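Trainee: Return a 3D structure for these sequence lines:
(one chain, ligands or ions: 1)
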Amino acid sequence: MAMLDVRGLSHTYPDGHPAISGIDLSVAEGALVSIVGPSGCGKSTLLRCVAGLLRPSAGEIRFDGRPIDGVPDGLAVVFQDYGRSLYPWLTVRDNVALPLRRRGLARPQRRAAATGALESVGLGGSAGKYPWQLSGGMQQRVSIARALAYRPRLLLMDEPFGSVDAQTREDLEDLLLGLRGSYAMTILLVTHDIDESVYVGDRVVVFGGSPGRIRADLPVTLPAPREQITTRTLPGFVQLRAEVGRSIKAPRTGGDRDVE
Ligand SMILES: Nc1ncnc2c1ncn2[C@@H]1O[C@H](COP(=O)(O)OP(=O)(O)OP(=O)(O)O)[C@@H](O)[C@H]1O
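Mentor: Sure thing, here's the model as predicted:
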């Protein structure tokens, strides 16, 4: 049984705008699935539905076989906008520890979990600082640590590396790949960077159109461990990124009722 099963998912916003239509997606436990596509094709809408933050107009999402109705336990989300997601008046450690209250953990346990998560993202020495004392990349690491401290089974990431410079972005991609070894998680990562979708993913799901639909679902069979320079020059990488690019640009087919 898939850990996450999306069937016939469609969503139309109250203004009548159809954002996604007929999405079917099964995700196996432990997979890292990249969801890539141009701006406005409904990637965030899908993620918001999976997170239980948005009730879809049609279709069903099952997490561990149970229909999602509200924010499921065992799920954490990392957004692009780290600047707005951290509380400036709380230390880094307290920012990470805060959501653990929902788990009913006592304060010493919350602090210990936060410290462990911060160490795993290389920020053990910054626990007592405030978010505004850190660089953008470090702040995004704090957001990731906050999600990890929660020990999620399913981690949703919406353009998590979209607001940092290219070098920091590569560092964060590698951090994420490294974290997969220490945290047993299934990850859905939304990006509009084709190279990133291939570099980090086990599988790339290509979204396109308006309303957004799945245009391709491609396995990534690149060897591990991945390395920024070597992996990106492998023929398999170059081929796959071209295929993802072509799928994004593919003209609409007869059955595709896009209204772009
Ligand atoms: N709250 C809303 N009300 C009405 N329309 C919305 C709302 N949120 C998103 N949309 C529209 O739904 C479509 C899909 O938006 P969504 O944010 O899911 O796309 P996306 O692929 O994640 O885009 P981006 O990569 O720019 O974040 C867009 O046309 C967008 O304008």
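Trainee: my read is Leu25 is in a strand, agree?
Mentor: Yes. Looking at Leu25 with DSSP: H, G, I helix; E, B strand; the rest coil, it is inside a strand.
Trainee: can I assume it is in contact with Phe207?
Mentor: No. Here Leu25 lies out of contact with Phe207, judged by C-beta atoms under 8 Å, at a distance of 10.3 Å. Where C-beta positions appear, they are placed from N, C-alpha and C, glycine not excepted.
Trainee: so the residue nearest to Leu218 when sequence neighbours are not counted bridges to which residues?
Mentor: Leaving aside its sequence neighbours, Leu218 sits nearest to Val204 (C-beta to C-beta, 6 or more residues apart in numbering; 4.8 Å). Taking DSSP bridges as the rule, Val204 bridges to Ser34, Leu218.
Trainee: Contacts for the worst-scoring helix or strand of the chain on mean pLDDT next, please.
Mentor: Ranked by mean pLDDT, DSSP states H and E, the weakest helix or strand in the chain is helix 82-85, scoring a mean of 77. Residues from elsewhere that reach helix 82-85 (C-beta atoms under 8 Å, 6 or more residues apart in numbering): 79, 136, 139-140, 142-143, 163.
Trainee: need the residues of the stretch 1-150 of the chain near the ligand, please.
Mentor: Neighbours of the ligand within the stretch 1-150 of the chain, by C-beta under 6 Å from any ligand atom: 13, 15, 17, 19, 37, 39-45.
Trainee: returning to that earlier point: of Leu25 and Phe207, give the one with the bigger neighbour count.
Mentor: Legend: neighbour count by other C-beta atoms under 10 Å for Leu25 and Phe207, higher for Phe207 (24 against 19).
Trainee: where does the stretch 101-250 of the chain have low pLDDT?
Mentor: For the stretch 101-250 of the chain, applying pLDDT under 70 flags no range at all.
Trainee: residue of it with the smallest distance to the ligand?
Mentor: His192 (5.2 Å; C-beta to the nearest ligand atom).
Trainee: wait, what's in contact with that residue?
Mentor: Neighbour list for His192: 36-39, 43, 159, 162 [criterion: C-beta under 8 Å, 6+ apart].
Trainee: now Val190
Mentor: By C-beta under 8 Å, 6+ apart, the contact set of Val190 is 34-36, 43-44, 46-47, 156-159.
Trainee: So which of those residues are in strands?
Mentor: Among the contacts of Val190, the residues falling in strands (DSSP state E) are 34-36, 156-158.
Trainee: Now flag whichever of the residues you listed is closest to Lys129.
Mentor: Relative to Lys129, the closest of the ones in strands among the contacts of Val190 is Met157; by C-beta to C-beta it sits at 23.6 Å.
Trainee: pretty sure the closest one is in contact with Thr186, am I right?
Mentor: No. Met157 lies out of contact with Thr186 (C-beta under 8 Å); the separation is 11.6 Å.
Trainee: if we can go back for a sec, just put the contacts of Val190 in a markdown table and tack on neighbour count.
Mentor: As requested, the contacts of Val190 are exported to a markdown table (neighbours: other C-beta atoms under 10 Å):
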| residue | neighbour count |
| --- | --- |
| Ser34 | 26 |
| Ile35 | 28 |
| Val36 | 29 |
| Lys43 | 24 |
| Ser44 | 20 |
| Leu46 | 30 |
| Leu47 | 21 |
| Leu156 | 25 |
| Met157 | 25 |
| Asp158 | 21 |
| Glu159 | 19 |
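Trainee: Which single helix of this protein contains the most residues?
Mentor: For the chain, the helix that runs over the most residues, judged by DSSP state H, is helix 166-182.
Trainee: Pull the distance from that one to the chain's centre.
Mentor: 13 Å (C-alpha atoms, centre = their mean, to the nearest Å).
Trainee: tally of neighbours for the residue nearest to Leu218?
Mentor: If we define neighbours as other C-beta under 10 Å, then Val204 has 26 of them.
Trainee: Just the buried residues of the residues of the stretch 1-150 of the chain next to the ligand.
Mentor: Listed as buried from these are 19, 37, 41-45; burial here means 16 or more other C-beta atoms under 10 Å.
Trainee: Out of the residues you listed, which comes closest to Val92?
Mentor: Among those, and counting by C-beta to C-beta, the member closest to Val92 is Ser44, at 26.4 Å.
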